[in-house]
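**Q** for reference, the sequence and a predicted model appear below.
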Amino acid sequence: MMTNVMEQSGGPIRPEAGQPAVNGSEPAVPVPPTAGNAGPAEAQTGTEEPSAAARIVQIRERIDEIDHALITLWQERAALSQEVGTTRMASGGTRLVLSREREILERFRVALGADGTQLALLLLRAAAGRCEPRPAVRPRGPR
């Protein structure tokens with residue numbers, strides 16, 4: 001006899017074909033979607049209501065577009081930051097400008113709160129250490 005385990009949505013969890021049954025005594029068989037278990041639309045959206053499922057799909061498409069834009073912008077920002085660091089170091093400047101980093105951290109904190117600070121730290125870390133090392137400077141004159 002198969003043991004029914006309730007999923008968070010309230011339906012029983014049933015093993016897929018080729019997987020052992022919950023108690024290991026019965027072979028798993030495909031279970032057609034019913035009110036008690038999730039069909040393809042519900043599995044993807046978390047709801048059986050067609051108009052809600054359709055809206056969720058639309059929203060998720062926009063989220064995916066935003067994610068793509070964020071990734072593209074993240075990569076562009078990291079490359080630009082790397083270029084700033086390389087240019088600064090090539091001209092004899094410092095590897096980092098801490099006042100600039102504090103300015104960025106504060107901007108994100110004000111706009112997004114504590115999560116903004118964490119995001120800014122990740123952004124700063126994305127380009128950190130990617131600059132070419134500064135050439136060794138020989139001391140001039142007597143020590």
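**A** Looks like it arrived, so ask away. Computed from a predicted model, the values in this text were never measured in an experiment.
**Q** residue 101 contacts residue 124, correct?
**A** Yes: between residue 101 and residue 124 there is a contact under C-beta atoms under 8 Å: 5.8 Å. C-beta here means a position set from N, CA and C on the backbone, and glycine is covered the same way.
**Q** comparing the two, which shows the higher neighbour count?
**A** Remark: of residue 101 and residue 124, residue 124 carries more neighbours, 17 against 14, as counted by other C-beta atoms under 10 Å.
**Q** just the pLDDT for that one.
**A** Looking at residue 124, its pLDDT is 93.
**Q** which stretches of this structure have low pLDDT?
**A** Judged by pLDDT under 70, the chain has its weakly predicted residues at 1-41, 43, 129-143.
**Q** which is the next helix or strand following the helix ranked longest in it?
**A** The longest helix of the chain (DSSP state H) is helix 50-90. Where DSSP states H and E defines the elements, the next helix or strand beyond helix 50-90 is helix 98-112.
**Q** packing partners of that following helix?
**A** Packing partners of helix 98-112 (3 or more C-beta pairs under 8 Å, 6 or more residues apart in numbering; DSSP states H and E): helix 114-127.
**Q** any idea of the angle the helix it packs on forms with helix 98-112?
**A** Relative orientation of helix 114-127 versus helix 98-112 (axes from the mean of the first three to the mean of the last three C-alpha atoms, to 10 degrees): 140 degrees.
**Q** tilt between the longest helix of the chain and helix 98-112?
**A** Using the same axes, to 10 degrees: helix 50-90 against helix 98-112 is 170 degrees.
**Q** what is helix 50-90 packed up against?
**A** Using 3+ C-beta pairs under 8 Å, 6+ apart, helix 50-90 is in contact with helix 40-45, helix 114-127.
**Q** nearest to residue 71, of these?
**A** Closest to residue 71 of these is helix 114-127 (C-beta to C-beta; 11.4 Å).
**Q** other residues contacting the closest one?
**A** 74, 77-79, 81-82, 85, 101, 104-105, 107-110, 112 (C-beta atoms under 8 Å, 6 or more residues apart in numbering).
**Q** can you give me phi and psi for residue 95?
**A** phi -70, psi -40 (degrees, to the nearest 10).
**Q** and for it, the neighbour number?
**A** 14.
**Q** same question for residue 58.
**A** 10.
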